[in-house]
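[1] Generate coordinates for the sequence data below:
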Amino acid sequence: MGDGMTASLDGVFLRKVWRRLRDSAVPIVPQELYAESDKVAEELSKSIDDHIFLPSTIHGYLGIQKGGGVTRFLPILTAEDMGAYYYLCYRLAPKILRKQKGVFGAWHMKPEVEQSEEDEAEAFGQAYGMNPFSSFWWLKEWQEYNGLIGALISDASIGNYVVSTDVANFYDSIEIPRMIARIRQIAHSDTDTVEALNAFLSTWNRRHVGYMPSTKGIPQEIISDASRVLSHFYLQDLDSEFLDYCDARGLT
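    Predicted coordinates for the structure are as follows:
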């Protein structure tokens, strides 16, 4: 991932995903399955290469309290499907994601800043873009963003207002055909990966929608890193247009 490198669906990659799953609120990777990670990865990779992979039906949903009496329901995909989903998203990420001015917090886009020796030491073992869960660099970007907001509101020449917005039910409203069509344009050299992702997103939720292919909504899965790649990609053009809008009106 990142720096021109792509993910490989092997036991090493699968264990990274499964270790994070084992630490989650729903530890769905028993030790006997974890011990078979090399074999499972080989079978998953072959099924994708042979164009026969389709996700299983999900285990169910995990309810998370967001506050204000609102509950977010996270689908619990099988351990094997999580491995395949992460592989597909991480293989495409270097080709479809781009670093943009003023956009913070994309987990797998390495900040374009000088890193101190202390930073490098702290991030060791979480090589940004190589490890699916590099929380170190995400935290650094989040701190940079908050520092920017603090500096802006203390600068009288900037203005008197900070506006905060949110996209309601964002993951559930992502239009799959629109997103896949855009990915096809950009990642046209990796057709099999794109079409496998399309098959995954079209069928992962059939426990809820039946056999009709899904056209809207990506899984807000329990780790959320893979879906974050797609959600960030989905908003990239909006980010660019919004930046132009702000620049034309003197907004920061």
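
[2] For the rest of this, base every contact and every neighbour count on C-alpha atoms.
    Will do.

[3] In what element of secondary structure is residue 47 found?
    For residue 47, the host element (DSSP states H and E) is helix 37-49.

[4] buried sites along stretch 31-43?
    34, 37, 38, 40, 41, 43 (16 or more other C-alpha atoms under 10 Å).

[5] Same check on stretch 152-161?
    residue 152.

[6] got it, and stretch 55-65?
    The neighbour-count check on stretch 55-65 (16+ other C-alpha under 10 Å) flags 55, 56, 57, 58, 62 as buried.

[7] Among the residues you listed, which ones are in strands?
    With DSSP state E as the criterion, strands contain residue 62 from among the buried residues of stretch 55-65.

[8] Reformat the buried residues of stretch 55-65 as a markdown table; add pLDDT and distance to residue 223.
    Output for the buried residues of stretch 55-65, formatted as a markdown table (pLDDT from 0 to 100; distance: C-alpha to C-alpha, whole Å):
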| residue | pLDDT | distance to residue 223 |
| --- | --- | --- |
| 55 | 95 | 17 |
| 56 | 95 | 18 |
| 57 | 94 | 18 |
| 58 | 94 | 15 |
| 62 | 89 | 12 |
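
[9] The chain: strands as residue ranges?
    Using DSSP E, strands in the chain cover 60-67, 70-76.

[10] Show me what the first one is packed up against.
    Counting contacts by 3 or more C-alpha pairs under 8 Å, 6 or more residues apart in numbering; DSSP states H and E, the secondary-structure elements packed against strand 60-67 are strand 70-76.

[11] and the angle from the strand it packs on to strand 60-67?
    Orientation of strand 70-76 against strand 60-67 (axes from the mean of the first three to the mean of the last three C-alpha atoms, to 10 degrees) gives an angle of 150 degrees.

[12] Relative to strand 70-76, what are the paired strands and their orientations?
    Looking at strand 70-76 with DSSP bridges, its partner strands are strand 60-67 (antiparallel).

[13] Give me the contacts around the partner strand.
    Contacts to strand 60-67, defined as C-alpha atoms under 8 Å, 6 or more residues apart in numbering, come from residues 71, 72, 73, 74, 75, 76, 77.
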